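A.B. asks: Fold the stuff below for me.
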Amino acid sequence: MAESLDLQGRWWLPGHDEHKVPGHLTWDPIAGGELQLLGHLRPDEWKNNVRPDGSVQTVSNRRVQARDDHNYPIIHGQSGSKAYTLLDNFSTKRSQNVLADRAKESVYVNRILEATTWFTDLADPGFDRAVVELRHLTAWVGQNGINVTYPDATDAENDVFAVVNAERVPRLDARHDDGTVSLTQRLRVTGDHLHAVGLEQRCDVSFAYPEARSLAYLSEVASNVQDLVTIALGKPANFDGFRLEHPELPLRSFTGSVLGDYREQIRYYARWSNGSEDIEPVSRDKMYFRFEDIGGTQGLERWLQVAADYRSELSRAMATRYNKAMYVEDRIMNICAVLESFDIVRRGGKANYIDRVKECIRFAGEPFTALIGNNVNAWADTVKDLRHDLAHHRDKFRQNTANVTLLLSEQLFWLFALCILRLSDAPEAVFQAIAKHPQIRWIASEAERDES
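C.D. replies: Numbers count the residues shown, from 1 in each chain. Now for the predicted structure:
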């Protein structure tokens, strides 16, 4: 599950360490962060007001705030031994009771870095390593290092009921740019060792580059892996945790000595829109395709290259999978736009919309043609007409008679998914596995029924 925060601390603006304000920070993975302050981050301005009798009264200088006064690109804070850097923040409410000498401020927080030091360079904090806990990745990769045996059941001459073995499995490395994207096993002992004890096995995805990269870059690469796993599983592979490493923050012991090549783990909190609340594990027989089907790390390398080139198209198409509340009309419009852009980037040149759709169908090949009843021309015409109905809000859509269906939405998504898998040279095993999936067979059967 994604992480939350609820803590008390003192908060200030970079370069204004002399003005620290107590406050309460909460973080929710869906709603984001809120900082409730007992004071104002920007110091209040006061002036002397001379009364008619000559006495002087100190009052607040209530000037009209400029828009930038509400924005706080970076806020620093400390709670216990942890340093917090709050990113992309803005003030939502400021209040002041002059008589009671009491001021309050509420700040909305978009992102948080939790470490042992603070960051001040918002443009490029510079991280060269990252580890992402990606939901369902363990099942998709399929490496298992846990084995349970029951000596008592084999008439062994001992009183051992069960033996649990946890073995290290090889790390899977894929090249990306000048760095490495790795799929790494993580083992953890669970339970209180009296009432229960067990082993938890996860597969995380980690990134390592010889030179520091921006947060935006690392997030994009992580999203590219996430999108592949989400397509393969048919359900969102959430970011359940995001850890960063900085080249100047080595891991140290209690005495302060550096511990080998290990780095301090910097927790990164952000509102990830690409996710769901579904935490149920995915059985391997319900996947559209598996890690071994794409060719292991070599297939992952090819995917990462193509996904980087088509990040915009991939992001818009996958939004239809991550956002379950999206209207079917919006899903269709998203994919219609993505297919046109995909073909323009891949082939270039000039062509009308329907020809670009037909080229995508040709490029996708099987099993897609089975999903439209092998009637390419009629289906492409339907897509073109519906796109125009929706884009221009024509009478057919206003009268609610446009062909807006979940079936068409699914057909369009899989047209794009199969195209980008083809472009990444996915092995034929991927397309054969997709064709056998129950959802794909349902789409094909519905298309065949519509034709009859």
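A.B. asks: Output the contacting helices and strands for the one helix or strand residue 355 maps to.
C.D. replies: Here residue 355 is covered by helix 353-364, with elements defined by DSSP states H and E. Here helix 353-364 touches helix 328-347, helix 376-391, helix 406-423, going by 3 or more Cβ pairs under 8 Å, 6 or more residues apart in numbering; DSSP states H and E. In this view, the C-beta of every residue, glycine as well, is placed from N, C-alpha and C.
A.B. asks: Could you find the closest non-adjacent residue to residue 409?
C.D. replies: Closest residue in space to residue 409, ignoring its immediate chain neighbours: residue 331 at 4.6 Å, by Cβ to Cβ, 6 or more residues apart in numbering.
A.B. asks: just checking, residue 76 touches residue 82?
C.D. replies: No. Here residue 76 lies out of contact with residue 82, judged by Cβ atoms under 8 Å, at a distance of 11.7 Å.
A.B. asks: between those two, who's got more neighbours?
C.D. replies: residue 76 (22 against 13; other Cβ atoms under 10 Å).
A.B. asks: mind checking the SS state of that one?
C.D. replies: Here residue 76 is recorded as strand under DSSP: H, G, I helix; E, B strand; the rest coil.
A.B. asks: From residue 80, how far out is the residue nearest to it when sequence neighbours are not counted?
C.D. replies: Among residues not flanking residue 76 along the chain, residue 118 sits closest, at 4.8 Å (Cβ to Cβ, 6+ apart). Distance check for residue 118 against residue 80: by Cβ to Cβ, to the nearest Å, it reads 15 Å.
A.B. asks: more crowded one of the two?
C.D. replies: Ranked by neighbour count (other Cβ under 10 Å), residue 118 and residue 80 place residue 118 first, with 16 against 8.
A.B. asks: quick one: residue 206 is in a helix?
C.D. replies: No. Assignment of residue 206 by three-state DSSP gives strand, placing it outside any helix.
A.B. asks: my guess is it contacts residue 131, does it?
C.D. replies: Yes. Between residue 206 and residue 131 there is a contact under Cβ under 8 Å: 4.6 Å.
A.B. asks: Spit out the residues that contact those two alike.
C.D. replies: Common contacts of residue 206 and residue 131 (Cβ atoms under 8 Å, 6 or more residues apart in numbering): residue 184.
A.B. asks: Can you say which helix or strand has the residue of the chain most remote from its centre in it?
C.D. replies: Residue farthest from the centre of the chain, counting by Cα atoms, centre = their mean, is residue 53 at 64.5 Å. For residue 53, there is no enclosing helix or strand under DSSP H and E.
A.B. asks: contacting residues for residue 282?
C.D. replies: Contacts of residue 282 by Cβ under 8 Å, 6+ apart are 136, 139-140, 233-235.
A.B. asks: any chance you could read off phi and psi for it?
C.D. replies: Backbone torsions of residue 282, given as degrees, to the nearest 10, read phi -100, psi 120.
A.B. asks: go on, the one 5 residues further on?
C.D. replies: Geometry field for residue 287 lists phi and psi as phi -80, psi 150, criterion degrees, to the nearest 10.
A.B. asks: what about it, distance to residue 314?
C.D. replies: Shown here: residue 287 relative to residue 314, a distance of 19 Å by Cβ to Cβ.
A.B. asks: which stretches of this protein form helices?
C.D. replies: Secondary structure of the chain, counting by DSSP state H: helices at 137-141, 215-233, 296-309, 311-322, 328-347, 353-364, 368-371, 376-391, 395-398, 406-423, 428-436, 438-451.
A.B. asks: closest to residue 182 out of those helices?
C.D. replies: Of all those, it is helix 296-309 that lies closest to residue 182, at 8.9 Å by Cβ to Cβ.
A.B. asks: Using CSV, write out every CA atom in that closest one.
C.D. replies: Extracted C-alpha coordinates of helix 296-309, given in CSV (Å, rounded to 0.1, in the frame of the first residue of the first chain):
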residue,chain,number,x,y,z
GLY,A,296,12.9,-11.2,-20.2
THR,A,297,15.3,-8.3,-19.8
GLN,A,298,16.0,-8.0,-23.6
GLY,A,299,12.3,-7.4,-24.1
LEU,A,300,12.2,-4.9,-21.3
GLU,A,301,15.1,-3.0,-22.9
ARG,A,302,13.3,-2.7,-26.2
TRP,A,303,10.1,-1.6,-24.5
LEU,A,304,11.9,1.1,-22.5
GLN,A,305,13.4,2.6,-25.6
VAL,A,306,10.1,2.7,-27.5
ALA,A,307,8.2,3.9,-24.4
ALA,A,308,10.6,6.8,-24.0
ASP,A,309,10.0,7.9,-27.7
